[in-house]
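S.K.: I would like the atomic coordinates for the input below:
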Amino acid sequence: MLAALLNVVARIPLVGATLRWYAHRYAEDSVVGIRSGYMQGVKWRRHHRYVNGYWLGHYELAIQGALVRELKAGSVFFDVGANAGFFTLLAATRVGPLGKCVAFDPDRDNMESIQEQCSLNELSWVLVVNEAVSDSVGYAWLERSHAGAPTAHIRDHRGASECIRVPTTSLDAAAKKYGAPSLVKIDIEGAEDRALRGATNLLRHDRPKFVIELHSRETAEGIRALLLNSGYELRSLTREPLVDRTLPSHILALPTAKVSM
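M.R.: Numbering: from 1, shown residues only. Model prediction:
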């Protein structure tokens, strides 16, 4: 209830700005228990570079709810674009020590945050992989919008000065190396379709569920076509059928009948 109320209040321009100012007054590196949401009480080390919604607990409540519903003890979870590790931690608390969480992020600052959050909570079944997930194994350029930004996107050619060369893997290669996932969450700033193009064997044989953020209409259409052709159905994060052709910002993809690809 508190988390939902915070989400509503934060949308009021002046009130939201005041709340963000107040919430940002904490000491860098301080540790707190997450205030609300599905991870209430879980330890979190705060850094000013990340959104306050992580430690307040109300960040992307719909995704939190979907992960809680779809993951079971012993599941294998891939967090593609793990950022500070918020959803990795949530998944790790769901799958438990009999399961496995693999967090992928090419940003070293993000990788360090994930590792320290897991260490704080003694989640030894989390593996942090400092690679970008794309359509092939190799290298690409990671471009930040500005120095110290917690998010970035992959590009094939070097762009702005805030651009570093990073290793890439594919979902197929990752599944072969770390084990096939039960659920894959993908949020990689518009490159979600590239990640799925590198998952041919995963889509054909292992058939995991997907929670995917859609960043543009063009990307959404490509993802829709690829998943439907792979024998998946697209639903809302609460498993409601999507009757409108316009996809929401987040989808849950569930395997149906197997198809030959």
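S.K.: give me phi/psi at residue 29?
M.R.: As for residue 29, its main-chain torsions (degrees, to the nearest 10) stand at phi 80, psi 0.
S.K.: my error: substitute residue 102 in the last question.
M.R.: The main-chain torsion angles of residue 102 are listed as degrees, to the nearest 10 and equal phi -120, psi 120.
S.K.: surely it and residue 125 touch.
M.R.: No - shown here, residue 102 and residue 125 do not form a contact pair, counting by CB atoms under 8 Å, at 9.9 Å. Backbone N, C-alpha and C define where each C-beta goes, glycine included.
S.K.: stretch 244-261: how far from the chain's middle?
M.R.: In terms of CA atoms, centre = their mean, to the nearest Å, the centre of stretch 244-261 is set 18 Å apart from its chain centre.
S.K.: looking at residue 102 and residue 125, which has the bigger crowd around it?
M.R.: Neighbours per residue (other CB atoms under 10 Å) separate residue 102 from residue 125, with residue 102 holding more: 24 against 16.
S.K.: check contacts around that one.
M.R.: 76, 77, 78, 79, 126, 127, 129, 174, 178, 181 (CB atoms under 8 Å, 6 or more residues apart in numbering).
S.K.: can you rerun that using 10 Å?
M.R.: Contacts for residue 102 (CB atoms under 10 Å, 6 or more residues apart in numbering) come out as 76-80, 82, 88, 91, 125-129, 174-175, 177-179, 181, 184.
S.K.: I'd like to know which of those are buried.
M.R.: In terms of neighbour count (16 or more other CB atoms under 10 Å), the buried residues within the contacts of residue 102 are 76-80, 82, 88, 91, 125-126, 128-129, 174-175, 178, 181, 184.
S.K.: find the nearest non-adjacent residue to residue 38, please.
M.R.: On the basis of CB to CB, 6 or more residues apart in numbering, the spatially nearest residue to residue 38 that is not a chain neighbour turns out to be residue 64, at 4.6 Å.
S.K.: name the SS class of that neighbour, please.
M.R.: With DSSP: H, G, I helix; E, B strand; the rest coil as the basis, residue 64 sits in helix.
S.K.: isn't it right next to residue 71, touching?
M.R.: No - the pair formed by residue 64 and residue 71 falls short of the contact definition of CB atoms under 10 Å, at 11.1 Å.
S.K.: ok, back up a step: mutual contacts of residue 102 and residue 125, please.
M.R.: Common neighbours of residue 102 and residue 125 (CB under 10 Å, 6+ apart) are 76, 77.
S.K.: residue ranges with poor pLDDT in the stretch 151-261 of the chain?
M.R.: Residue ranges of the stretch 151-261 of the chain with pLDDT under 70: 157, 159-161, 258-261.
S.K.: try it again at 80.
M.R.: In the prediction, the stretch 151-261 of the chain carries residues with pLDDT under 80 at positions 151-162, 244-245, 257-261.
S.K.: can you check the stretch 1-150 of the chain too?
M.R.: Low-confidence regions of the stretch 1-150 of the chain, defined by pLDDT under 80, span residues 1-24, 144-150.
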